Each structure stands twice: as C-alpha cells, then as structure tokens.
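Participant: Following is a predicted model, sequence given first.
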Amino acid sequence: MAKKKKSIDYSSDDIIFELEKRQEKLMRFNPNLQEVELKCLDEGAKGTHTVAFAHLPKEIKQLIKPLKK
C-alpha cells in the first residue's frame with residue numbers, strides 16, 4: 001500500500017512573492033493535489049486561499065521542488 005504524502009508546511013520559511021499584483025506568502029504545499037495554500041499580505045485581506053501549483057512563478061516552484069514518487 002502506498003504512503004500518502006502529507007502537506008508540507010512552509011509558513012516559517014517566509015516565502016513571499018507577487019501573484020496577480022498581490023503580495024502572497026506561501027503557507028503549505030499539498031503534493032497529492034498539487035495545490036498550495038497562500039495567505040494574501042495586502043491590506044484588508046483575510047484568511048488563506050488555494051492555488052494550483054502550476055500557477056506559481058517559476059522561482060517559487062524551484063524553491064518547493066515537489067518530488068515525483
């Protein structure tokens with residue numbers, strides 16, 4: 001039986017980047033769904049949202065480097 005990959009926490013790494021003219025902070029990466037959880041740092045924004053891994057900038061993708069197993 002294959003092991004399920006759990007989400008990887010990046011909240012302490014302070015990975016901040018701009019996505020669609022908003023400042024975003026990477027919180028978690030879920031390798032099973034190929035999704036990332038982001039927190040918007042812009043004024044007035046609340047909570048987190050998920051985005052497909054493919055929509056991230058190339059520099060951020062290289063930092064995360066999901067393993068294909």
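Facilitator: Noted; the coordinates are in hand.

Participant: Could you give the average pLDDT over the longest strand along the chain?
Facilitator: Ranked by residue count under DSSP state E, the longest strand found in the chain is strand 22-30. For strand 22-30, mean pLDDT rounds to 95.

Participant: and the following helix or strand past that strand, which residues are buried?
Facilitator: Sequence order places strand 35-40 as the next helix or strand after strand 22-30, per DSSP states H and E. For strand 35-40, burial by neighbour count (16 or more other C-beta atoms under 10 Å) applies to E35, V36, E37, L38, K39, C40. All C-beta atoms are positioned from the backbone trio N, CA, C, and that covers glycine.

Participant: Can you convert those residues into CSV and add a column each for pLDDT and distance to D14?
Facilitator: Converted to CSV, those look like this (pLDDT from 0 to 100; distance: C-beta to C-beta, whole Å):
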residue, pLDDT, distance to D14
E35, 95, 20
V36, 96, 15
E37, 97, 15
L38, 96, 13
K39, 96, 11
C40, 96, 15
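
Participant: distance of K21 from D42?
Facilitator: Distance, K21 to D42, by C-beta to C-beta, to the nearest Å: 9 Å.

Participant: beta partners for the residue most central in space within the chain?
Facilitator: Centroid check for the chain by C-alpha atoms, centre = their mean gives V36 as the closest residue, at 3.2 Å. Note on V36: beta-bridge partners by DSSP bridges are F29, V51.

Participant: if I look at it, how far off is K6?
Facilitator: Computed as C-beta to C-beta, the V36 to K6 distance reads 14 Å.

Participant: Over to I16?
Facilitator: Here I16 is placed at a distance of 24 Å from K6 (C-beta to C-beta).
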